[in-house]
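*Asks:* Here is the input, now give the coordinates:
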Amino acid sequence: MTLISNQKLMKLFAFTGLATVLLSTELTLAKEMQGWKVEGSGTGIVEGQNYSLYNLDQKGYLGYQDRRGANLGWDKSPNQGMKLKRKSPGSGAIKCGELFALFVEKEWIIYEKQTTGINLSSRTQLADDRYQWKFTNCQANDVIQLNQPVTLTNTVENDSVVGCKRVWGVNLCWANTVFSFRGSNYHKDVVPRP
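*Replies:* Below is the predicted model:
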């Protein structure tokens, strides 16, 4: 629950009296932000090798957590729990725009409609419909560098996933559903209505 965050936001909006003033002056769209770092050794992300997926907003590493919807949560330390499997045969490092399946600790992460939280789910088995991720906001065919900010996009939702504060589920959102204020992302449902 983000009840404390909601109270802070309500005080913030009460201070100005108008959310539209904040939206037009101090907020930026999360879609313009790179929300992740793939941490590991080497220069590029190699298929099948394990890495730690660090979220810049949540200041934590994406890991497995048994819960309704996507079995995802946050680790405080690097967990070497992420790996990729490219859709097309190839070798070498993953490149910008290349389609891959995303594995986090125990399961493959996929788009799936949920009643609460982000529309993500997970599966233990790799299948053809699991290849729905790519790195974007980069130059086509450039190698995705380790330990540098990256944008992680789901091709089914056609949007990037970012860390955010939200009322239900793991603190992840689609970029088109969040706003950023003073360096933190918030899901639109967290914002109090005037």
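*Asks:* Give me the buried positions along stretch 127-142.
*Replies:* Going by neighbour count (16 or more other Cβ atoms under 10 Å), the buried part of stretch 127-142 is 130-138. (Each C-beta comes from the backbone N, C-alpha and C, glycine too.)
*Asks:* go on, stretch 61-74?
*Replies:* Along stretch 61-74, these residues count as buried under the neighbour rule (16+ other Cβ under 10 Å): 61-64, 69-74.
*Asks:* tell me the mean pLDDT for it?
*Replies:* Along stretch 61-74, the predicted local confidence has a mean pLDDT of 91.
*Asks:* chain center to that stretch: distance?
*Replies:* Mean C-alpha position of stretch 61-74 versus that of the full chain (Cα atoms, centre = their mean, to the nearest Å) differs by 12 Å.
*Asks:* same thing with stretch 125-145?
*Replies:* What separates the centre of stretch 125-145 from the centre of its chain is 14 Å, taken as Cα atoms, centre = their mean.
*Asks:* Straight-line length of it, end to end?
*Replies:* Across its full length, stretch 125-145 reaches 28 Å between end residues, using Cα to Cα, to the nearest Å.
*Asks:* What of stretch 158-166?
*Replies:* Stretch 158-166 has its terminal residues 20 Å apart, counting by Cα to Cα.
*Asks:* do the same with stretch 71-83
*Replies:* With Cα to Cα as the measure, what separates the two termini of stretch 71-83 is 16 Å.
*Asks:* could you dump the buried residues of stretch 61-74 to TSV with distance to residue 87 and secondary structure?
*Replies:* Formatted as TSV, these follow (distance: Cβ to Cβ, whole Å; DSSP: H, G, I helix; E, B strand; the rest coil):
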residue	distance to residue 87	secondary structure
61	25	strand
62	21	strand
63	24	strand
64	23	strand
69	24	coil
70	21	coil
71	23	coil
72	22	strand
73	27	strand
74	28	strand
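*Asks:* Identify the farthest-apart pair in these.
*Replies:* Pairwise distances across the buried residues of stretch 61-74 peak at 19.1 Å for 61 and 69 (criterion: Cβ to Cβ).
*Asks:* Make a markdown table from the buried residues of stretch 127-142 and add distance to residue 159, secondary structure and pLDDT to it.
*Replies:* A markdown table is the format used below for the buried residues of stretch 127-142 (distance: Cβ to Cβ, whole Å; DSSP: H, G, I helix; E, B strand; the rest coil; pLDDT from 0 to 100):
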| residue | distance to residue 159 | secondary structure | pLDDT |
| --- | --- | --- | --- |
| 130 | 18 | helix | 96 |
| 131 | 17 | coil | 98 |
| 132 | 12 | coil | 97 |
| 133 | 12 | strand | 97 |
| 134 | 12 | strand | 96 |
| 135 | 14 | strand | 95 |
| 136 | 10 | strand | 93 |
| 137 | 12 | coil | 91 |
| 138 | 16 | coil | 93 |
